[in-house]
Structure formats: structure tokens, C-alpha cells
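>>> can you look at this prediction? I've put the sequence above it.
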Amino acid sequence: MNARVEMFDVVVVGGGGAGLAAAAEAARLGRSVVLLEKNPRLGGSTAWSVGSISITNSPHQLKRGIRDTPQAHFEDLGLLAGPYAPRDNLQLRRILADNTNDVFEWLCGLGLEFTGPMIEPPHRCPRMHLVLPNSRAFPHYLGRHCAKLGVDIRLDTPVERLIVENGRAAGVQARDAGGSSAEFRARGGVVLAAGDYSAGRELKARFAGEDVAALEAVNVTATGDGHRMALQIGAVVVNGDIVRGPIMRFVPPPQDRWIVKLPPWRWLARSMRLAMDHLPDAWLRPFAMSFLTTALGPSPELFKSGAILVNRSGARFADELAAPARAVPRQPDQLAYIVFDRKLAQRFTAWPYFVSTAPGIAYAYLDDYRRNRSDIWHRYSTVEGLARGIGVPPEALARTFGDYNGTGRGTRPPLDAAPFFALGPVKSYVVFTDGGLKVTERLEVTREDGSVIPGLYAAGSNGQGGLLLEGHGHHLGWAFISGRIAGRNAAFEARSDK
């Protein structure tokens, strides 16, 4: 049976921040647009994110008397890139730095509310703005905007391959929500905005190695579909080996945290912003703790102070001071527990001894985990009781304590003061991958030699093109900025006589 064929001016693959921005821009220019999203709802990794975006010369900065420039932001991005800076795409970095203010005004005009700015060294001034009430506000407002502009949004519609005719990307073949094959043809261009490959085992293995390939992803649906399809027709990936991971994080709670469930109503977001601007920190702390104890991982200071990692067998398996996150995936069930005693627990109750932190937001201490994450907080009067509580063999854990307290701890203090504690399980994750398709400044996808693949554009992680996005708020900023540019240029290719 032949696949059903539908014709549009622009076809957008992916319903995260980049795809929604691309679809909105193409539709604003009067083009017919279809947006194809494989998941049952919009959002992609944008909805999984912290929700921060780094902006220059925002109204929030100006209100606080902060004078900033795109050039200063451009320079600070180089500092954030660190040793990778020589590999950065300076043309794309310039586009990012020069367009943050414009895209922020656009987002605010759609109804989104932000708090901030917050400081994050080595930024020379506060630039990080946090969306309210949570990151799901992005797909809510952008999706609503796209619908008003007439974008045809198709959910549960995975794209399988690009259609190429006479060397041009002419559309995509997909599977619709009913399971039938369908072709979506583009008169103008196809925009790939399908996210990164943090959950794409084959692509991770190809570009970053087998050790990285074994790691779980924060967003399990980020399988690199856009990268894969573009590679099949001659595109190339730049900086494919740069991966944010392995990073140890506490396993997610059995249910979504309450702050994620807050509806993206504008009055609620505005109320939260006013509260954050005027209420004492003690009133705001429950909001911050819900995030800090769920989405982030343990501070290295825990291990420097004597905490150890044990696996399901009750055995210590790595030097906790030497990149232990790389060893966690090789353990049974790919998980571990952070184990410590009363002396260490008493220390991690106040700054500077925090369990986790987010720059500019707050610090979470052991008591915060006891209150907010009872599912991963364990306290017992004996080592054997702790072992039973976390489900490891008591004899093995007692032996591990004995070995550590004897000759295995180096200069760290012994773990010998009851009661005994554990946080976990923890796992090592890939948060995101930074490899993107090679693109022009117009976000056209190119081959290795720089020649353009006609009709094909990429945005967000698909269109990262060698751009380095270290620091909070730059992946989201690039998603929206690159999405709008790609959508605009794809729209210009569409015939005016539709």
C-alpha cells in the first residue's frame, strides 16, 4: 500500500523548544507548516530541563542596574568552554550571543514569566533567568502560539527517514498515530529539531565510545533521530565526542515532584516571580528544595569528607576521589549507594558542606533530603541494619566498612560513628550530548566539504554545528534562537504561489 502524501511549505521534525520556535517563525511568515513529534506530548528535552536561559540586557538585568553587552557574553562563553574552546564554532557563538535579548523579548511576549538574573561564574555579571513555574511552561506557551498561527501539530508521529529527490531534502517519511505510513512533503524546507542523542546507544558508541554508550539518559526519548537521518544522506556531526556525562544523579522519585505538576498559568508564574523578588528566602526554600533534591547529583565534597560508594553486593568498587561516576555503570543494575556515618552527617547541615546545589538558586543539605526525598534517605543504628535497609548483604557491607576503616581510606576520616546513613540509589547519566550537524550560519545542513544539502535545515541540538554550550541556559537559548532562524530560512524557500 502506498503511503499517504501530504504537502506543506515547511516540515518541522521535533516538538521541543527548537522545533516549536521553527514552526512558529515559518507560520508567522504565512507558510503552511506541519510539526511532527514522536511523543504523545510536546516538550522534548526542553520540558526536562532546569528551565534556565542566559540573557544579555534583559529587563530583569536593567531593573537591577546591570549593564551587559553581547560582546561580554561572547567572551564569557569562551571561558565557560574551558579546554574545549579551540573547538568552538565562533560564527554560531556570535549568533547566540547577539540574539539572546531578542529571543527573550519574544518569549516574554508569548506570556512566559522569568525570575532572575542569577550569577554563575565565570559569567562576569548575572545572566541566568529561570522560567516559572517550571520548564513545562515552554511547550505550553509555544505550542499554544503555534496552534494560533495555524501550525498543524501531529503527536505520536515518529519520523523514519528523509525523502531526497534530485539531491534535495523534499520531505520525510513518518508513521502516524494510527501506525500508517505517511509522507510529509515540503515545498520550502525540512527543519530537523529532534534533539540530541543522549539516549541513542549506536550514536554514542560511534562518537563517544562504548563506555558512554552504556550510560542511561535523562531524557530516554532523545535517541538522535535527526542526526541519524541526516547522516544517511551525507551530513556530518561536529564535536560528537563531547558529552555531558557520566554524571552521578539520584534516581528520580516514584512520582513527579509537586513543583513539576504546577500548571503553567500566567497568574501563578507572576505570583511566584513577585514572591521570589520580595519574600524572605525561608519562604521560598521549599520551592528550591523540590528541585535541588530531585534533579541534581551529589557534591564531590561528600566523598572528600569520607563518604564511600557501595554497589548492590555491598562492595566498594572505586576510588571516590577519582571520577567514580565512570565506574557506576559497570556495577550490578548500574547503581550505587553513598554511605557515611554520623560525623559526616552532622557536618553536611550548613554551608559550605552541601549535598547538592544549583548556581544562584540554593543549597540542599542532608536534612533537606530527609524531608524531600525519603525514598532515597536511609538511617540505621548499625551497619548491618543499614545493609538490610538498602538491600545489600550485611556481611559484605560490614567487611567493606572494616576494609575502609583499616587501610582503604588514605587520609580520609574513618566511618565509625553510629548511626549510619546512605543516600541512593545513584546512577550515572548522560545529561546531553553536544555533537551537532555541520551547518551554515543560515542553519543549512552541509556535507563534510561544506556544500549545502538543499532544503535541509537543523536547529537546537541537531543544528549545534560545533557550538559549545557550557554553563546553564545556553542550550535553551540556542534552541529558540536557532529554531527561529532555521524556520525563517526554510520558509523563504517555499514558493509564494502556494
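Looks like it arrived, so ask away. Numbers count the residues shown, from 1 in each chain.

>>> so where's the stretch 1-150 of the chain shaky on pLDDT?
Along the stretch 1-150 of the chain, segments meeting pLDDT under 70 span 1.

>>> can you pull out the helices in it?
Under the criterion DSSP state H, counting those that start in this stretch, helices of the stretch 1-150 of the chain are mapped to 17-28, 44-48, 59-63, 70-81, 90-109, 137-149.

>>> helix 17-28 and the fifth one, what's the angle between them?
I take that to be helix 90-109. Note on geometry: by axes from the mean of the first three to the mean of the last three Cα atoms, to 10 degrees, helix 90-109 and helix 17-28 are set 70 degrees apart in direction.

>>> quick one: buried residues of helix 90-109?
For helix 90-109, a neighbour-count test (16 or more other Cβ atoms under 10 Å) marks 92-97, 99-101, 103-104, 106-107 as buried. Every residue, glycine included, has its C-beta placed from N, CA and C.

>>> stretch 28-42 too?
By neighbour count on 16+ other Cβ under 10 Å, the buried set for stretch 28-42 is Arg28, Leu29, Arg31, Ser32, Val33, Val34, Leu35, Leu36, Glu37, Lys38, Asn39, Leu42.

>>> quick check: end-to-end length of stretch 445-460?
End-to-end distance for stretch 445-460: 13 Å, by Cα to Cα, to the nearest Å.

>>> let's test this: mean pLDDT of it, rounded?
Averaged over stretch 445-460, pLDDT sits at 97.

>>> reformat the buried residues of stretch 28-42 as CSV; add distance to Val172.
Formatted as CSV, the buried residues of stretch 28-42 follow (distance: Cβ to Cβ, whole Å):
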residue, distance to Val172
Arg28, 22
Leu29, 21
Arg31, 16
Ser32, 15
Val33, 13
Val34, 10
Leu35, 12
Leu36, 7
Glu37, 13
Lys38, 12
Asn39, 16
Leu42, 18
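
>>> for Arg330, find the nearest of the helices of the stretch 1-150 of the chain.
helix 44-48 (25.7 Å; Cβ to Cβ).

>>> let me see the contact set for Lys304.
Residues near Lys304 by Cβ atoms under 8 Å, 6 or more residues apart in numbering: Leu321, Arg412.

>>> let's go with 7 Å and repeat that
Contacts here follow Cβ atoms under 7 Å, 6 or more residues apart in numbering; on that basis Lys304 touches Leu321.

>>> same deal with Glu384?
Pro394, Ala398.

>>> name the helix or strand for it, please.
Assigned by DSSP states H and E, Glu384 belongs to helix 383-390.

>>> now Lys427
Counting by DSSP H and E, Lys427 is part of strand 420-430.

>>> residues in contact with the helix or strand following that strand?
Going down the chain from strand 420-430, the next helix or strand is strand 432-433, by DSSP H and E. Residues from elsewhere that reach strand 432-433, judged by Cβ under 7 Å, 6+ apart: Asp196, Tyr197, Ser198, Val243, Arg244, His475.

>>> in CSV: those residues, plus neighbour count, secondary structure and distance to Val355.
Below are the contacts of strand 432-433 laid out as CSV (neighbours: other Cβ atoms under 10 Å; DSSP: H, G, I helix; E, B strand; the rest coil; distance: Cβ to Cβ, whole Å):
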residue, neighbour count, secondary structure, distance to Val355
Asp196, 31, coil, 28
Tyr197, 30, coil, 30
Ser198, 28, coil, 24
Val243, 23, strand, 25
Arg244, 17, strand, 20
His475, 28, helix, 25
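
>>> so which of those residues comes closest to Val5?
Tyr197 (29.1 Å).

>>> phi first, then psi, for that closest one.
phi -120, psi 40 (degrees, to the nearest 10).

>>> contacts only, for the nearest residue to it once chain neighbours are set aside.
Computed as Cβ to Cβ, 6 or more residues apart in numbering, the closest residue to Tyr197 that is not its neighbour in sequence is Gly224, at 2.7 Å. Contact analysis of Gly224 by Cβ under 7 Å, 6+ apart lists Asp196, Tyr197, Gly200, Leu203.

>>> tell me which of the helices of the stretch 1-150 of the chain lies nearest to Phe340.
Ranking those by proximity to Phe340 (Cβ to Cβ) places helix 44-48 first, at 29.8 Å.

>>> can you list contacts of the closest one?
Residues contacting helix 44-48 (Cβ under 7 Å, 6+ apart): 14-17, 135-136, 138-139, 195-196, 218-219, 222, 476, 479.

>>> pull the most distant pair out of those.
Greatest spacing in the contacts of helix 44-48, by Cβ to Cβ: Arg136 and Asp196 (19.1 Å).

>>> would you map the helices across the stretch 201-350 of the chain?
Assigned by DSSP H, counting those that start in this stretch, the helices in the stretch 201-350 of the chain fall at 201-208, 210-213, 225-232, 258-261, 266-278, 281-295, 300-304, 342-347.

>>> output the last one as PDB, nothing but the C-alphas.
As requested, the backbone C-alpha atoms of helix 342-347 are provided in PDB (Å, rounded to 0.1, in the frame of the first residue of the first chain):
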ATOM      1  CA  ARG A 342      27.100  10.300  62.000                       C
ATOM      2  CA  LYS A 343      30.200  12.600  62.000                       C
ATOM      3  CA  LEU A 344      29.800  13.300  58.300                       C
ATOM      4  CA  ALA A 345      26.000  13.700  58.600                       C
ATOM      5  CA  GLN A 346      26.500  16.300  61.200                       C
ATOM      6  CA  ARG A 347      28.900  18.300  59.000                       C
END
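
>>> what about that helix, average pLDDT?
Rounded mean pLDDT across helix 342-347 is 97.
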